[in-house]
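Enquirer: Please work out how this folds:
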Amino acid sequence: MKPREIHPRRRIRARGHTLVELVIAVALGLVVTVGAVSLYRSQRAAFGRADDTTQIREAGVTALTLIGQQIQMTGFVPADLPQPQPQQKPTLFGCSAARPTGTDDNPTCEALTSRSDGIAIRYVGDNVSTWPSSTGQPTDCLGQAVSVGNAAYGAGRVLIVNRFFAKLSASTGESELYCDGNGKSGSAQPLVEGVERLRARYWLAGAQTALDASALAPDQWANVVAVDLCVLVRGAPQGRRSRYVDCDGANVAGTDLRARQAFWRRVAIRNNEVSAS
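Expert: Modelled structure (predicted):
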């Protein structure tokens, strides 16, 4: 039996119908693919922003905790010193838009391009008020052993001097909180990444407002009863500009593609006669 032949027009019509289906399928596939890629990119960006926000917050809280704990130690001496406390002034010293330099007994200020304030803190340390080193010695803010003692402090006790400030790292280019401890003076090391600026203002006994370090006379440092701390932390580049409130309370537009957030804390100074009275 002779096979049935398909009319040429029917063959053309069948091929045309198949081509239309293919075009529709490809179009739908492209729509789904574009939608999936768009969703992936938006989800990835949202995750990146959330992760950046978390890191900014952790850096801010860590920085305030580290500096705050040291400020609370300002002027500390053990209660059982074998003889009256030796002269330690200034137990607290600050710089406006600069870092504390100079000797421990006569600190001065060196300007910083980061406009970060700096603060120097002094107290008598031992193996209780500081973490002991591997050799059992008191340590500074970097965990460096401080071995230069004073007979007036008693055995195992030394004067601790820690200086905090923020600046750009010369190696990474990132903003970091630094500390320069007297275990090895002049060798400041980073503690917290992302801290762009440290801001400190000081409360004198009976004052109605806090003052910048530059407004305090040398003999007024002994009358400081509390410190208002602020750290401005920046995150990683996120591909868009954002606004933030800086340490002075101003609403500022970012000049780059990084998010920023300021964190504040007020720290009372416990170890001076003015605070105790």
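
Enquirer: Who does F164 form a beta bridge with?
Expert: I119, C179 (DSSP bridges).

Enquirer: gap between it and P100?
Expert: Going from F164 to P100 by Cβ to Cβ, to the nearest Å gives 9 Å. C-beta: built from backbone N, CA, C; applies to glycine.

Enquirer: for L142, same thing?
Expert: L142 is 15 Å from P100, by Cβ to Cβ.

Enquirer: Check P218 too.
Expert: For P218, the distance to P100 - Cβ to Cβ - is 13 Å.

Enquirer: Centroid-nearest residue for the chain?
Expert: In the chain, the residue lying closest to the centroid (Cα atoms, centre = their mean) is V195, at 3.3 Å.

Enquirer: how about it, what does it touch?
Expert: Residues in contact with V195 (Cβ atoms under 8 Å, 6 or more residues apart in numbering) are A59, G60, A63, A166, S175, E176, L177, V231, L232, V233.

Enquirer: which strands and helices sit next to the helix or strand containing the third one?
Expert: Translated: A63. Under the criterion of DSSP states H and E, A63 resides in helix 8-72. The helices and strands touching helix 8-72, judged by 3 or more Cβ pairs under 8 Å, 6 or more residues apart in numbering; DSSP states H and E, are strand 118-125, strand 158-168, strand 175-181, strand 189-193, strand 195-204, strand 224-237, strand 258-268.

Enquirer: that older thread, with neighbour numbers in mind, choose between L142 and P100.
Expert: A direct count of neighbours by other Cβ atoms under 10 Å for L142 and P100 places P100 higher, at 24 against 18.

Enquirer: Not counting sequence-adjacent ones, nearest residue to the more buried one?
Expert: Spatial nearest neighbour of P100, chain neighbours left out: A120 (4.0 Å); criterion: Cβ to Cβ, 6 or more residues apart in numbering.
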